[in-house]
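# sharing a model prediction with you, sequence too.
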Amino acid sequence: MMLLAAITGVCAAVLLLAAGYLFGVKQGFKAREQLRLLNFQQADGLQKLRERLTQQQQSDADIQSLRTELNKVQQALTPLIQRERLGFALANLQTGAGRHRDLMSLIDQIAANGNFSAVLLNDAEGLPLAASSNTKDFDDRLAMISSMVLLLADRISRDNAPNPLAVMVHDESNKLTLCRIFRIGGKRLLLTAVSTDAQLLPTALDPALAKLDTVLSA
């Protein structure tokens, strides 16, 4: 009986150890499955994060590219906008009744609204009729340029050649002198303006000619 009891005890111990081992294996399998699932979830989250970062970087690149293109468009349009503003400003000058002081006021407005360093109005002989208040430092130079432009225009228009309407002089100080030849009442006149605007066109003074006609014809 004692031997049977001993054998039974040993068998029970073996069964208990086996059950514990199987339970441990089962728990270990569950733990490994949970760990594998967690690793998969983390890997999936990391991949999504990488995709978001890539999309964000692509979005930032697109935004930067768009900004670059907008800057290029703005740079291209800036000269056109400046010309339109100048044309509008010179076309809306205030004119008086046609007296000499009204002519002086009009020339000062052309200088101020056009941001010109000096403005001078000459007759066909090159003699000054009016000058802006800021022309003092340019008197001799502008008078010489005006005379030369009128002489040059006469030579160019010989033999029925088209009459020149404008002449531009660009000097080494980066100043532009624009001379616009026009007629009022059959009289030839010359309007000269000095500017530092590199985008200035030969037609820049044209909007002011109608105002000069109004004052000089009164």
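Structure received. Numbering: from 1, shown residues only.
# next structured bit after the strand or helix carrying Gln56?
Per DSSP states H and E, Gln56 falls inside helix 2-91. Sequence order places helix 100-113 as the next helix or strand after helix 2-91, per DSSP H and E.
# now do that following helix: distance to the chain's middle.
31 Å (Cα atoms, centre = their mean, to the nearest Å).
# same check, this time on stretch 105-117
26 Å.
# and for stretch 156-167?
From the chain centre to the centre of stretch 156-167 is a distance of 37 Å (Cα atoms, centre = their mean).
# tell me which residues are up against it.
Val149, Leu152, Ala153, Leu178, Cys179, Arg180, Ile181, Phe182, Pro202, Thr203, Leu205 (Cβ atoms under 8 Å, 6 or more residues apart in numbering). No exception for glycine: its C-beta is placed from N, CA and C like everyone else's.
# and the fifth one, how far from Arg50?
Yep, that's Cys179 we're talking about. Separation of Cys179 from Arg50 (Cβ to Cβ, to the nearest Å): 67 Å.
# ok so, going back, now flag whichever of the contacts of stretch 156-167 is closest to Asn71.
Thr203 (28.0 Å; Cβ to Cβ).
# which residues touch Ala210?
Going by Cβ under 8 Å, 6+ apart, the list of residues near Ala210 reads Ala91.
# could you look up the SS state of it?
helix (DSSP: H, G, I helix; E, B strand; the rest coil).
# so for stretch 191-211, mean pLDDT?
If you average the pLDDT over stretch 191-211, you get 91.
# buried stuff in that stretch?
Neighbour counts using 16 or more other Cβ atoms under 10 Å place 191-195, 197, 200, 204-209, 211 of stretch 191-211 among the buried residues.
# same question, stretch 122-130
Asn122, Gly126, Pro128, Leu129, Ala130.
# ok now it, how far from the chain's centre?
40 Å.
# show the subsequent helix or strand relative to the helix or strand hosting Met168.
Assigned by DSSP H and E, Met168 falls within strand 166-170. The C-terminal neighbour of strand 166-170 among helices and strands, as given by DSSP H and E, is strand 176-184.
# just the C-alphas of whatever helix or strand comes next after that next one, formatted as CSV.
Going down the chain from strand 176-184, the next helix or strand is strand 187-195, by DSSP H and E. Extracted in CSV, the C-alpha atoms of strand 187-195 (Å, rounded to 0.1, in the frame of the first residue of the first chain):
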residue,chain,number,x,y,z
LYS,A,187,3.7,125.2,-82.5
ARG,A,188,6.4,122.7,-81.8
LEU,A,189,7.3,122.2,-78.2
LEU,A,190,9.6,120.0,-76.2
LEU,A,191,8.8,118.5,-72.7
THR,A,192,11.9,117.1,-70.9
ALA,A,193,11.9,115.1,-67.7
VAL,A,194,14.7,113.5,-65.7
SER,A,195,14.1,110.2,-63.9
